[in-house]
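Trainee: Test case, fold it:
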Amino acid sequence: MKVSVLVTFYNQEDYVDEALQSVFDQKCDFDFEVLIGDDGSTDGTMAKLQKWKQKYPDRMEIYVMDREPGVKYNSSQRASRNRLNLLQYVKGEYFAYLDGDDFYIDDHKLQKQVEIMDQPENAKYAVCAHNVYAYDEKTKENTPFLNCNHTMKLKGKTYWGRFYFHPDSILMRSAYIKDIPMDVVADYFNDNTITFCFIKHGDVYYMPDIMASYRQTGDGIWTGNSRFINYLRNLMDYDLEQKIAPEFIRYSLVRHRADMSFMHKCKEQPAGEKVAFYEEKIKKDGLTVSEAWLEYCKTGKMSDKKALKLYRKAMLWYFVCHVKWLFIDSLLLHN
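Mentor: Alright, predicted model coming up:
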């Protein structure tokens, strides 16, 4: 098996057909499987998935997460568990995630990425990514997610400090699944953390082809939260990154400079059910930097001065790295 496509759903019956049609329409000279992770949907999602299973009984499997009636779950944690659960069933040499409300728009997407990753000289690449459209559900407008129209071959650390490629676009080497620290990322295996677990093993190949659409509905894990919660969750990622690959610390500081800057300038008095949930989670998982910044926002004080020192380092390394990258870009443009 060459590729496993992992598609995750939760109450997305309106999008099932478009997502799966775009996967099964892929034209490849190799076999691929489709692994479905349903997070206990209560609408018509499962009924539609069963119809697709009947259509492709040998190429598609469905794995359903249990939900206890009346229990209120955190959406990002459930999404993380759903994604991690599917990894144990992967048979492909490569695998890719697709959110259930997103879809491919190029029926040669998988073929193009595999051809790149299969080349012996490209064995150093842990992942292969491409551009996507941001598709506005309300206006029906497509906007390129990245303004980057050339191929890029990036060191993992350079990517981490400078870029963000949408997870729907990324094809990963399955050989590195075994190295994911499952106990550390159990509740955090979303977007950036997924990619981070793989780029620690190799470089990043980016192709400018726009081959998928990322649907923006306004109620996603990112768009459905306040700015404060989103920046706090990003800082929680920073704490996790130091546990997963501390050798990336300089580039993690650059990546999370904006998060620390927001917290430093924050005039809010964070409160409410979501803040309380994340405060408890931060303490439970020993996320010390996030805890210090949350305390700073709530009280104006910071008992752990290390967080302020990291913020100053983040500003310094952001300047140093961007000067370096601007110089490299200038050389590329003139050669």
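Trainee: Please make it C-alpha for all contacts and neighbour counts, starting now.
Mentor: OK.
Trainee: Check the offset of the longest helix anywhere in the chain from the chain's centre.
Mentor: Longest helix in the chain, counting residues (DSSP state H): helix 306-333. Centroid displacement of helix 306-333 relative to its chain, using C-alpha atoms, centre = their mean, to the nearest Å, is 23 Å.
Trainee: which parts of that helix are buried?
Mentor: 307-308, 310-315, 317-318, 321 (16 or more other C-alpha atoms under 10 Å).
Trainee: One more: stretch 31-41?
Mentor: Buried residues in stretch 31-41 (16+ other C-alpha under 10 Å): 32-41.
Trainee: For the helix or strand bottoming out on mean pLDDT in the chain, which helices and strands make contact with it?
Mentor: Least confident helix or strand, the chain: helix 306-333 with a mean of 77, by mean pLDDT, DSSP states H and E. Where contact means 3 or more C-alpha pairs under 8 Å, 6 or more residues apart in numbering; DSSP states H and E, helix 306-333 is packed against helix 249-255, helix 257-265, helix 288-299.
Trainee: What helices and strands are in contact with the longest one?
Mentor: Translated: helix 288-299. Against helix 288-299 (3+ C-alpha pairs under 8 Å, 6+ apart) you get helix 227-244, helix 257-265, helix 273-284, helix 306-333.
Trainee: Indicate which one of those is closest to residue 111.
Mentor: helix 306-333 (28.6 Å; C-alpha to C-alpha).
Trainee: Please work out the angle formed by the directions of the closest one and helix 288-299.
Mentor: 110 degrees (axes from the mean of the first three to the mean of the last three C-alpha atoms, to 10 degrees).
Trainee: got the angle for the least confident helix or strand of the chain vs helix 257-265?
Mentor: In terms of direction (the same axes, to 10 degrees), helix 306-333 departs from helix 257-265 by 140 degrees.
Trainee: picking that back up, in JSON lines: the helices and strands packed on helix 288-299, plus distance to residue 107.
Mentor: JSON lines is the format used below for the helices and strands packed on helix 288-299 (distance: least, C-alpha to C-alpha, whole Å):
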{"stretch": "helix 227-244", "distance to residue 107": "33"}
{"stretch": "helix 257-265", "distance to residue 107": "37"}
{"stretch": "helix 273-284", "distance to residue 107": "40"}
{"stretch": "helix 306-333", "distance to residue 107": "32"}
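Trainee: and of those helices, who's closest to residue 64?
Mentor: Smallest distance to residue 64 across those (C-alpha to C-alpha): 25.2 Å, for helix 273-284.
Trainee: Contacts for that closest one next, please.
Mentor: Helix 273-284 is touched from outside by 229, 236, 288, 290-291, 294, with contacts defined as C-alpha atoms under 8 Å, 6 or more residues apart in numbering.
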